[in-house]
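Student: The sequence and its predicted three-dimensional model are supplied below.
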Amino acid sequence: MVAMILAADNIHGLNPVVADAMRRLDPAPIRDLATRCREAGAGWLDINPGYLSRKNEDRMSFLVETVQDSTNLRLILDSPSPRVLARGLSACREKPILNGLSAEPQKLQEILPLAAEHKTELIVLLMDAKSFSPPTLDEKIALALEMRDRALAAGLSDDDLIYDPILPNMSWEDANLRVAEALKAVRLLSSGAILQDPARTVVGLSNLASGMSSRFPAGLDELCLGLLAGAGLSIVLANALRPELAQAISVINGII
C-alpha cells in the first residue's frame, strides 16, 4: 500500500493568525505556519482563505505566493468560489489540486471547466445539487459515479479525481451512521470495487469535532483515522500541528 498523505488544513481563514496576516498582507506568519506544517510531516498544504469579498479575492494569490516562498509542498486550493480558485491558480508555480467539486450546478458549470482547462487534479465532494451530504453508502456511491461521469466528459481522467465522502460533525444526530457509511465508501472506492480501478480518497478529519473539541474524548480523530487507514484512505486533511495526529500517521505508515 502507498503511504497516507497528511494535507495540513492549518492555513485557513478561520485561523486568527491567518485572518490577521491576510488583513495586513503580512507574509511572515503564513511562512512560519507553512514551515511548521512541513516540519510536522505534512506532505500537502490546503490553502483556504475562507469567504472573500470581490475586493479581497487577491488574498488567495497572496497566500499562495507566500507559501511557495517558504516550502515546496504540493498545494490544495480550497474555496467554493471559482473566481478565488482562479486567483490561486494564476499564482501557482506548480499545478495544484482544486478542492472541490460537488453536484451543485454552479460548481459543475464553473469549477469543473476550470480544472479541465488547467488540467489539475480535483477533489470530488460527495455532496448533491443542494450542497447536502447524503448519509447512506448507496447515495454516496451514486454521487461518486455521477460526478465521475461528468468529470470524464469534461476531459479529466480517473487519475485526476480524489473522492471525499464527507465526515460529519459528531454533534449531528446521525453522526455515528455517517461515519460508518463514509468508512464503507472509502473502502469500496479505494479497493476498486466501484470504479474497477482503485480510486484515491480524502477526508476532512477536522470536521469531526470542529468547534466542539472539548465535548468529545481525546483521541477521537486518531481512532477514526486508524479505521479509515485500514479502509485504504489515501489523504487526510487535518491539523498537522497536533503531535498526536502526526504520531498516529507515522505509526500507520510504518505498518502499511
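Tutor: That came in fine, so what should we check first?
Student: Surely residue 131 and residue 106 touch.
Tutor: No: look at residue 131 against residue 106 with Cβ atoms under 8 Å: they stay out of range, at 9.9 Å. Bear in mind the C-beta positions are built from the backbone N, C-alpha and C, glycine included.
Student: List the buried residues for the helix or strand harbouring residue 138?
Tutor: Element membership for residue 138 (DSSP states H and E) is helix 137-154. By neighbour count on 16 or more other Cβ atoms under 10 Å, the buried set for helix 137-154 is 137, 139, 140, 141, 143, 144, 147, 148, 151, 154.
Student: Closest to residue 246 out of the residues you listed?
Tutor: Nearest to residue 246, judged by Cβ to Cβ, of the buried residues of helix 137-154 is residue 140 at 28.7 Å.
Student: contacting residues around that closest one?
Tutor: Counting by Cβ atoms under 8 Å, 6 or more residues apart in numbering, residue 140 makes contact with 126, 134, 165, 166, 181, 182, 185.
Student: and of those, the nearest to residue 46?
Tutor: Ranked by distance to residue 46 (Cβ to Cβ), those are led by residue 166 at 15.4 Å.
Student: Kindly state the pLDDT recorded for that closest one?
Tutor: What the model reports for residue 166 is a pLDDT of 97.
Student: From residue 148, how far out is it?
Tutor: Spatial separation of residue 166 from residue 148 under the definition Cβ to Cβ, to the nearest Å is 16 Å.
Student: Contact partners for the closest residue to residue 93 other than its chain neighbours?
Tutor: Once flanking residues are discounted, residue 93 sits nearest to residue 68: 5.7 Å by Cβ to Cβ, 6 or more residues apart in numbering. By Cβ under 8 Å, 6+ apart, the residues touching residue 68 are 75, 91, 92, 93.
Student: Helix, strand, or coil at residue 29?
Tutor: helix (DSSP: H, G, I helix; E, B strand; the rest coil).
Student: Would you mind confirming that it is in contact with residue 16?
Tutor: No: counting by Cβ under 8 Å, residue 29 stays clear of residue 16, with 10.0 Å between them.
Student: which of these two has more neighbours?
Tutor: More neighbours surround residue 29 than the other of residue 29 and residue 16, with 17 against 8 (other Cβ atoms under 10 Å).
Student: Dump the contacts of residue 68 into CSV; add secondary structure, neighbour count and pLDDT as well.
Tutor: Putting the contacts of residue 68 into CSV (DSSP: H, G, I helix; E, B strand; the rest coil; neighbours: other Cβ atoms under 10 Å; pLDDT from 0 to 100) gives the following:
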residue, secondary structure, neighbour count, pLDDT
75, strand, 26, 98
91, helix, 20, 97
92, coil, 18, 97
93, coil, 10, 96
